[in-house]
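*Asks:* here is my input, please return the structure:
(one chain, ligands or ions: 1)
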Amino acid sequence: MNRQDFPILQREVYHRPLVYLDNAATTQKPQCVIDAISEMYCHVNANVHRGIHFLSQRATDLHEAAREKVRNFIHAHSTAEVVFTRGTTESLNLIAASFAQAFLHAGDEVILTVMEHHSNIVPWQFVRERYGIVIRVVPMDNAGNLDLDAYRQLLNERTKLVCCCQVSNVLGTVNPVKEMARLAHEAGARFLVDAAQSVPHFKVDVQDLDCDFLVFSGHKIYGPTGIGVLYGKEALLEQMPPYQGGGEMISRVTFEHTTFERLPYKFEAGTPDYVGSHALGVALDYVQSVGLNQIAAHEAALTRYAMERMREIEGMHFFGEAEGKTSVVAFNVGNIHPMDLGTLLDRLGVAIRTGHHCAQPLMARCGVEGMARASFALYNTQEEIDTFVAALQRVVKMF
Ligand code: C6P
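*Replies:* Below you'll find the model as predicted:
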């Protein structure tokens, strides 16, 4: 599907055609995104929101048009709710720091899940150290489904926020975040969705989910690195203090006192990545032109096929077999070290990720130090799965 749009997929590694199956880490970029970056620097480049000159206005228009594209993509109510950041990690750190300052006190509780990425754990530990909050963790079953009964029991009047990935970057589990947000709201808590691994794979609508925050990275959805999104409900963002101080985010500065810009600029200190935002907008256009339903169907078929074929290998063990999982397949074979699997597959032209996947608590829950992980995107093919499985068979025979 649309493979020819991605120039890097034509290249070889070690004199073999590249089979790129590390899409959960980052996706490859279509030519239109690469062109958007180059065109910005060749024809438009100027700082935004500052100049009255032609180029500055043009760059500002493109930057703000990209914000509108993001708003439309996640169906936010207003562009005031769309803050550009450097990525999911920065979005989560921003929310943790600012939400805590506005709303959290010693003894308050924040609920996370056992399958969170480190970037949705460590910022909350910083908050715990600073404010004395309590972190609670939703467990899961062996297939990788969150234990919703346990979740209900964790919610109480001290719960101020629940943070949950919509899709696990390791297990591929699609968590029922809409229902979880409803339960959180019933308990008087807010709900944050880490959508880093969901937005590239299916339609996400913040108003339908009724989440209070949602975050994702541009580079995982065929956009550039260094740009990300923080969605927050306007009324909530209004009550939260700025994260960083500097240019762009102020209304008036004196040595005695500073007032801040309106949303979303209050949270965007310094020169923003207007090249990145524009290219992200182009990436979102691209994804929508292919069609998220089509992408989801293609990836589901690839995942089913891959798991079926991989099961043929003796000693294959999957991590994450939840119903309706996305195109992330984490596995180990016998007691072969995942790093060995990854290194040898690489020599055969197949790129996968190995290790703890920035989810060490989840590794501990699964009783392993690390896993191998293949993850598929819209441009992967059944032939590539065959190449991968054949390479895996060859590698496993070496042990
Ligand atoms: N997961 C992976 O290989 P950044 O690095 O800020 O773009 O995204 C962080 C992040 C947050 N949440 C989830 C669910 C994620 O999957 C990631 C990034 C990559 O799984 C790199 S560690």
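
*Asks:* please make it C-alpha for all contacts and neighbour counts, starting now.
*Replies:* Will do.

*Asks:* quick one, what contacts the residue in the stretch 101-250 of the chain that the ligand sits nearest to?
*Replies:* Proximity of the stretch 101-250 of the chain to the ligand (CA to the nearest ligand atom) peaks at residue 169, 4.4 Å away. Residue 169 makes contacts with 24, 117, 197, 328, 357, as judged by CA atoms under 8 Å, 6 or more residues apart in numbering.

*Asks:* quick one: it is in a helix?
*Replies:* No. Counting by DSSP: H, G, I helix; E, B strand; the rest coil, one finds residue 169 to be coil, located in no helix.

*Asks:* what about stretch 122-140, distance to the chain center?
*Replies:* Relative to the centre of its chain, stretch 122-140 is centred 20 Å away, using CA atoms, centre = their mean, to the nearest Å.

*Asks:* going by neighbour count, which residues of it are buried?
*Replies:* By neighbour count on 16 or more other CA atoms under 10 Å, the buried set for stretch 122-140 is 123-125, 127-128, 131-140.

*Asks:* reformat the contacts of residue 169 as TSV; add distance to residue 4, pLDDT and neighbour count.
*Replies:* Converted to TSV, these look like this (distance: CA to CA, whole Å; pLDDT from 0 to 100; neighbours: other CA atoms under 10 Å):
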residue	distance to residue 4	pLDDT	neighbour count
24	20	98	26
117	32	98	23
197	24	98	27
328	23	98	28
357	29	98	20
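
*Asks:* identify the farthest-apart pair in the residues you listed.
*Replies:* Distance extremes for the contacts of residue 169: the farthest pair is 117 and 328 at 14.4 Å, using CA to CA.

*Asks:* and the nearest residue to residue 40 once chain neighbours are set aside, what element?
*Replies:* Closest residue in space to residue 40, ignoring its immediate chain neighbours: residue 275 at 6.3 Å, by CA to CA, 6 or more residues apart in numbering. Element membership for residue 275 (DSSP states H and E) is helix 274-290.

*Asks:* next secondary structure after that helix?
*Replies:* Next in sequence after helix 274-290, counting helices and strands by DSSP H and E, comes helix 292-310.

*Asks:* and residue 95, how far from the ligand?
*Replies:* When distance is defined by CA to the nearest ligand atom, to the nearest Å, residue 95 is 13 Å away from the ligand.

*Asks:* what packs against the helix or strand containing that residue?
*Replies:* In this structure, residue 95 sits in helix 88-103 according to DSSP H and E. Applying 3 or more CA pairs under 8 Å, 6 or more residues apart in numbering; DSSP states H and E, we find helix 88-103 packed against helix 122-131, strand 213-217, strand 228-232.

*Asks:* other SSEs contacting the last one?
*Replies:* Under the contact criterion of 3+ CA pairs under 8 Å, 6+ apart, the helices and strands touching strand 228-232 comprise strand 82-85, helix 88-103, strand 213-217.

*Asks:* now the helices for this structure?
*Replies:* With DSSP state H, the ranges of helices along the chain come out as 31-39, 54-74, 88-103, 122-131, 148-154, 177-186, 206-209, 234-239, 274-290, 292-310, 338-347, 360-366, 382-397.

*Asks:* distance to residue 225 and mean pLDDT added to the ones you listed, as TSV?
*Replies:* TSV is the format used below for the helices of the chain (distance: least, CA to CA, whole Å; pLDDT from 0 to 100):
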stretch	distance to residue 225	mean pLDDT
helix 31-39	11	98
helix 54-74	15	98
helix 88-103	11	98
helix 122-131	21	98
helix 148-154	34	98
helix 177-186	26	98
helix 206-209	23	98
helix 234-239	25	98
helix 274-290	8	98
helix 292-310	21	98
helix 338-347	23	98
helix 360-366	24	98
helix 382-397	25	98
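
*Asks:* and the residue of the chain nearest the ligand?
*Replies:* Taking CA to the nearest ligand atom, the chain has residue 25 as its residue nearest the ligand, at 3.2 Å.

*Asks:* for the residue lying closest to that residue once chain neighbours are set aside, grab the count of nearby residues.
*Replies:* Distances taken as CA to CA, 6+ apart place residue 220 nearest to residue 25, at 7.0 Å, with adjacent residues excluded. Burial measure for residue 220: 24 neighbouring residues, criterion other CA atoms under 10 Å.

*Asks:* likewise residue 209?
*Replies:* Applying other CA under 10 Å, we find 18 residues neighbouring residue 209.

*Asks:* contact residues of this structure facing the ligand?
*Replies:* With CA under 6 Å from any ligand atom as the criterion, the chain meets the ligand at residues 24-25, 87-89, 117, 119, 165, 168-169, 194, 196-197, 217, 357-358.

*Asks:* compute the first-to-last residue distance for stretch 145-162.
*Replies:* Distance between the boundary residues of stretch 145-162 (CA to CA, to the nearest Å) amounts to 17 Å.

*Asks:* appreciated, that's everything.
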